[in-house]
Every structure is written in C-alpha cells, then in structure tokens.
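Colleague: Quick one, fold the following:
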Amino acid sequence: MAVSMSIEREGEFYKGIDGNTLFYRALRCFYIAECHLGQSNWINAIVLYDKCKEHVSEALSSTANNMEVQGELNTLSKQIYSQRCSAHASAFLHSQEEAEELEDMKPAQKNRLLKDCLDEFRLFETADELPTIYTFPPDFQTIPCKPIFFDISLNHIGFPDLSNRVEKEGGALSGLSRWIWGR
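Modeller: The predicted model follows:
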C-alpha cells in the first residue's frame, strides 16, 4: 500500500486518466441536466449545463493528445449549447404562460363569493381585492311556468265516469266514525 502511495501522478498516462475522468463527469452532469429538463425543472437544468460546460473545457485542456475523446467532447459541447438554449427558451415561455394565467385568474377571483373560496388562502393587497361576502339583492332566478299546452288540452280531455266508485253519503255514520267502527 505504501508503494502505491509513493507513485507520483505525473506522466501522459495519468493525464489521460484525469482527462477521461473529467469527460465522464461532464457526461454525467449532462445526463442529469437532461433529466431536469425532462421534468420541466429548467433553472436547475441551465445551471447543470453551465457546470457541464466547465467540465468540458477542463477536459479539453487535459486531453490534448487524445483526438477521439476531443471529438466526443466537441460533440458534447455542441449538444450542451443547444440544450441550454432550449432550456432557457422553455423557462421563458413557461414564465410567460404563468403570468398570463395569473392575469386571467385575477378578475375571476374578484367576483367570487367568500363562501366559495373558504378552502384557499389568498393575500389581498388593496381593499378593492377583498372578496364579496354576499350579493345583494340576490340574482334573479327564472321560475318555470306551467306549459300552455297542458292548459289548452285540459278542455278537450274526456274524463271517465267514477261515480260508481264514490260512496254515497247517507246516514249518520260517515268519515272518521265509519273508520273507527269498521262499517
């Protein structure tokens, strides 16, 4: 163990290993930024793309002799630039969409009744933004009318004769007393 610690990290071999290490750090940082971009976390993606660009520039300076790695680093640098621009544009568009949504929501929230928004917390900057407690006078409500068709047709309907089903009144017992004595 003591022998391996005493080896100095000089020479082309160790510079190549350091260059490859920086290259793989840049790749790892690039793919983590891609994950953030996929989750619409644009600000973190932009920061990671900047960090990835730093790793690429360090790796380019340390791998001057390895043309294969430098070609891959140049390709990665172009991808980083394009993805960073895409993330920056997406962040800008998303902020504009949120601003438009907030502008659209403000007029609708001013007219809402207090009983309709009890489950949400809102801060009011001015007295004009306070919610309405109740609308007075109440809104007019339409009342459905009896259709005219039934009024007209009632004159032309022939009802059946139910006189045989109706009991004739006679005697002293009727109504409640008949029900009590069962007659």
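Colleague: my read: Phe23 touches Glu72, true?
Modeller: Yes - counting by Cβ atoms under 8 Å, Glu72 is a contact partner of Phe23 at 7.0 Å. Bear in mind the C-beta positions are built from the backbone N, C-alpha and C, glycine included.
Colleague: quick one, which of the two is more surrounded?
Modeller: Taking Phe23 and Glu72 together and counting by other Cβ atoms under 10 Å, Phe23 has the greater number of neighbours (23 against 17).
Colleague: Report the separation between the more buried one and Gly11.
Modeller: Summarising the geometry, the distance separating Phe23 from Gly11, computed by Cβ to Cβ, to the nearest Å, is 19 Å.
Colleague: Put the alpha carbons of stretch 17-34 into PDB.
Modeller: Only the C-alpha atoms of stretch 17-34 are listed here, as PDB (Å, rounded to 0.1, in the frame of the first residue of the first chain):
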ATOM      1  CA  ILE A  17      -6.900   9.200 -16.900                       C
ATOM      2  CA  ASP A  18      -7.600  12.700 -15.500                       C
ATOM      3  CA  GLY A  19      -9.000  13.800 -18.900                       C
ATOM      4  CA  ASN A  20     -11.200  10.800 -19.100                       C
ATOM      5  CA  THR A  21     -12.500  11.400 -15.600                       C
ATOM      6  CA  LEU A  22     -13.400  15.000 -16.500                       C
ATOM      7  CA  PHE A  23     -15.100  13.700 -19.700                       C
ATOM      8  CA  TYR A  24     -17.200  11.300 -17.800                       C
ATOM      9  CA  ARG A  25     -18.100  13.900 -15.200                       C
ATOM     10  CA  ALA A  26     -19.200  16.200 -18.000                       C
ATOM     11  CA  LEU A  27     -21.300  13.300 -19.400                       C
ATOM     12  CA  ARG A  28     -22.900  12.500 -16.100                       C
ATOM     13  CA  CYS A  29     -23.600  16.200 -15.500                       C
ATOM     14  CA  PHE A  30     -25.100  16.400 -19.000                       C
ATOM     15  CA  TYR A  31     -27.500  13.500 -18.400                       C
ATOM     16  CA  ILE A  32     -28.600  14.800 -15.000                       C
ATOM     17  CA  ALA A  33     -29.400  18.100 -16.700                       C
ATOM     18  CA  GLU A  34     -31.400  16.200 -19.300                       C
END
